[in-house]
Structure formats: structure tokens, C-alpha cells
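> predicted model, plus sequence, below.
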Amino acid sequence: MYVCGPTVYDYPHIGNARSVVVYDLLFRLLQRVYGVESINYVRNITDVDDKINIAAKARQITINKLTQEIIEIFTQDMYSLGCLAPTVEPRATEHIEEMIFIIKKLIDKNHAYIANNHVYFSIKSDPSYGKLAGREIEEMIPGSRINIEKNKLHPGDFVLWKPQDAEDDVSSVFDSPWGKGRPGWHIECSAMSYKYLGSDFDIHGGGADLMFPHHTNEMAQSCCAFEDSKYANYWVHNGFLTVNGEKMSKSLGNFTTVRQLLDNNIRGEAIRLVLLLTHYRKPLDFNDKALSDAKKTLDGFYRIVLENPAIVPQQGQADDLNTPAAITTLHEISKAYNKENDVFKKTNYAQKLKASCNLLGLLSNTPQQWFSNEDLDINISNLINERNIAKNNKNWAVADQIRNQLKNYNIILEDKIDGTTTWRKL
Ligand SMILES: [Zn+2]
């Protein structure tokens, strides 16, 4: 599986995070179905791009310093959201040779041409161009990234290699048969997917906004460069994300980074749950209400784990990418647990809940890590109350189970002759 990774010029925002969480879930599910060893998950890092040059200049730092800093932040933030590391995380700047290899092939096969020190891909040379996004060549309008129109045979032709600007930072300048410069964005993914997965592979993922032009152009490059290549067998595109009902933008002041949320003491797992509440293809609205609901939901789930410290999760119950349905099932299991009086059935529900949550990348903390000390004390007093109710109902099995659970947290209960119970920490 190949997934388009971050362009490392700024803190990852919540829309970037949605994409990473969606493909993390798919990765976990594929590992579950086909075995961990069978899945090769490649997610690239775009560390050479116009946006990076502009951001580094604005901050008056070198490109290397900027990209190192953002890669570190991205890695930490995605870890906070419970995302596993991909199998390979190749960087564009380390694969210039592979890009040049493909560009040469495209020129040799008359799919690319040199004009004014640029190398362009000729979209008219590819009879299948635009198929992925269902577009006709005639309706292609040039994007804003393309600024030197006069050199192109067709306004939709896109750049494979561009010459260096006089003031470019040396870390974004590379040698090539067409002079010093840097690659276009699309060729990066064709080169890195080819290197790690070959000319044909199973799944290609990314945000729906990448379908055109990015994925369309990746496909054109690879299919034209490699004989009989279909590029990816399956395309997976995740839907858009809005914040409080509006498109996220810096000018609207609703540009939400993962780091801002984490700094405001919002738990990564709660963010992850919100991102999974909507089916991955549908538009998702990220808002405060959803976040606080997710926190409450997870509190409830962690309470169950707290009450069942000894459970060993078996196989998970969720088995497709219909995450809203999976999460509904989690709520049902949690409700059933809370209603159940039979000790064995309760343990069984707790086990199911933990296993299913783990498959979704949730409940990866211990309850002690999740709850603050104060919350933990409240939960312990609740457990003691529940035990008193069980005792009053002469439900000795449940009462004994709670006593044993509390022992796991070093809480010792002492029942007095007058019927009251006191407790102390060991
Ligand atoms: Zn890509």
C-alpha cells in the first residue's frame, strides 16, 4: 500500500491527521487479515517542494532545518494519535536518482519534452490521461502551481523537472541531465512507489483532494514509463474535513493543528475516535462537541478496562472500514457490560471491548495513564459503591470480583461488623 505523506513545511493539521488515521486503520486491518509480515505500507515524506522553499525563506532558516523540525513534529503527533509507523517512510530528497530514471524513460518514449530548461509531461501523449478522476483532456484547466505557460504544448502539461532559481537554498538543488534544479511534486510518488512496491501494486491511498491533479499525474507517469503497468489496483480516497461546519483556512481562524489540540490537553485517542466516527469516504466535521463526546465515550471504555485489569484481549470483532458501525457496536458492548450482573459474561464483554478498540487503535493506554489521579480516586469510590450495592442484593460473586479488582490497584477493603466498608491503599 502506498499513501501520499506530508509535505513537511508546517505543523500537521487535523485534515492531514484524518488521512493518516484512515490509512493506519486500513494498515491494521490488512495486517490482521493477511498477517503483519505480508503488508508493505509505504508513506512518503515530501521534503522538496515550492511550499517548503517559501516557508523556510519566511522563517529565515535553511530547508534542512525546517524539514527536520516538521518531520519530528509530524512523527510525534501521529504517534499521539495512535498511528503505527509505516513499513517504509522514504524521503523525496533521497530518491532523486529514481525520479531521474523515470523522467528519462518518459522522454525516450515521447511522453515528456524539454522546454526552456523544464521537463514537462505531455498529457496528450497518454490516451488514458484523466481516467482516474473521470476528466477529459479538453476540460483541463491549468492549476495555479504552473506558472510558465508559454513553454507548454498543452496548458494541462505538468512539470517533471524545473530549473533552480538563483536564490534557491542548496538543499533543494539537485544535479540532473537537464541541469541543476528540483523535481516536480508528482514524480516523487511515482519514483518512491516504484522503488518500494514495483510498477504495479495493490492499494494507493490519499485525500480526495489529491485525485486530481496529483494522483492522476502519478498514474500517467508510471503507466507511460513502465510497460503494461496499471500502477495501483485499488485507489482509496478519504473525504474532506471541515471544522465547526466550515472549510479549514488560516484566514477564517479555524486552522486546527494536532499540536494545538494536544497542547490544550485534548487526548490523542479522543481525536482519533472523532476522526473514525465518520465513514472514511464521507465529509467529516470536526467540532468541540464531537471531541468532548469522544472523551466521555473513552472514559466509559477505560472504566471497564479499569474494572477488568486482568483481561487478555483475543481477536477483535470489527472487520471492515465501516468505522461508524464498529463504534456503534462498541457502545452496545459497553452498555451490555454495564447492565450485566454475571461475572463471566461481564469479563467476556470487557474482553470484546478491549480487543475491538485495540484493532481501531484505541484503548492503548492503561486506565492509570488515561485518568488523572483524581479521576482514578473517583472511579475507585464508584467501584466500592457498586460492591456495596452488590452486597445488599446478596450478589456475592460480583462483590468478590470487585474486591479482587481493587486489589489489583493496591486497594484493600475492610468490611466492619456494623456493615460499613473502609478502604486503604497498600
Ligand atoms: Zn503522492
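That came through fine. Residues are numbered from 1 along each chain as shown.

> quick one: low-confidence ranges for this structure?
Within the chain, the stretches with pLDDT under 70 are 139-149, 313-320.

> all helices of it, in order?
Using DSSP state H, the helices of the chain run over 14-34, 50-59, 63-80, 96-108, 185-197, 216-225, 258-263, 268-276, 288-307, 323-339, 343-359, 367-370, 373-392, 396-408.

> can you redo those helices as CSV with distance to residue 418?
In this view, the C-beta of every residue, glycine as well, is placed from N, C-alpha and C. Converted to CSV, these look like this (distance: least, CB to CB, whole Å):
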stretch, distance to residue 418
helix 14-34, 53
helix 50-59, 70
helix 63-80, 49
helix 96-108, 79
helix 185-197, 71
helix 216-225, 76
helix 258-263, 49
helix 268-276, 43
helix 288-307, 27
helix 323-339, 30
helix 343-359, 27
helix 367-370, 32
helix 373-392, 13
helix 396-408, 17
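
> closest one to residue 44 among the ones you listed?
Of all these, helix 185-197 sits nearest to residue 44, with 4.8 Å by CB to CB.

> what angle do the closest one and helix 216-225 make?
60 degrees (axes from the mean of the first three to the mean of the last three CA atoms, to 10 degrees).

> what about helix 185-197, distance to the chain center?
Distance of helix 185-197 from the chain centroid (CA atoms, centre = their mean, to the nearest Å) equals 20 Å.

> so which of the helices of the chain is nearest the ion?
Ranking those by distance to the ion, with CB to the ion as the measure, places helix 185-197 first at 3.1 Å.

> right, is the closest one up against the ion?
Yes - under the criterion of CB under 5 Å from the ion, the ion is reached by helix 185-197 at residue 189.

> hmm, back to that, between the helices of the chain, which gets nearest to residue 206?
With CB to CB as the measure, helix 14-34 is the member of the helices of the chain nearest residue 206 (6.7 Å).

> quick revisit: dump the helices of the chain to CSV, plus distance to residue 426 and mean neighbour count.
Below are these laid out as CSV (distance: least, CB to CB, whole Å; neighbours: other CB atoms under 10 Å):
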stretch, distance to residue 426, mean neighbour count
helix 14-34, 38, 21
helix 50-59, 53, 16
helix 63-80, 33, 18
helix 96-108, 60, 19
helix 185-197, 52, 24
helix 216-225, 60, 26
helix 258-263, 34, 17
helix 268-276, 29, 25
helix 288-307, 17, 18
helix 323-339, 27, 16
helix 343-359, 24, 20
helix 367-370, 15, 16
helix 373-392, 13, 15
helix 396-408, 9, 16
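
> out of these, nearest to residue 249?
Ranking those by proximity to residue 249 (CB to CB) places helix 14-34 first, at 10.7 Å.

> what packs against that closest one?
On a contact count with 3 or more CB pairs under 8 Å, 6 or more residues apart in numbering; DSSP states H and E, helix 14-34 meets helix 63-80, strand 200-207, strand 231-238, strand 241-243, helix 258-263, helix 268-276, helix 343-359.

> export that helix as CSV, just CAs?
Extracted C-alpha coordinates of helix 14-34, given in CSV (Å, rounded to 0.1, in the frame of the first residue of the first chain):
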residue,chain,number,x,y,z
ILE,A,14,-6.4,17.9,11.6
GLY,A,15,-7.2,17.3,7.9
ASN,A,16,-3.8,15.7,7.4
ALA,A,17,-4.4,13.7,10.6
ARG,A,18,-7.6,12.3,9.2
SER,A,19,-5.8,10.8,6.2
VAL,A,20,-3.1,9.3,8.4
VAL,A,21,-5.6,7.8,10.8
VAL,A,22,-7.7,6.3,8.0
TYR,A,23,-4.8,4.5,6.4
ASP,A,24,-3.4,3.5,9.7
LEU,A,25,-6.7,1.7,10.3
LEU,A,26,-6.6,0.1,6.9
PHE,A,27,-3.0,-1.0,7.6
ARG,A,28,-4.0,-2.5,10.9
LEU,A,29,-6.9,-4.3,9.3
LEU,A,30,-4.7,-5.7,6.4
GLN,A,31,-2.2,-6.9,8.9
ARG,A,32,-4.9,-8.6,10.8
VAL,A,33,-6.3,-10.3,7.7
TYR,A,34,-3.1,-11.1,5.8
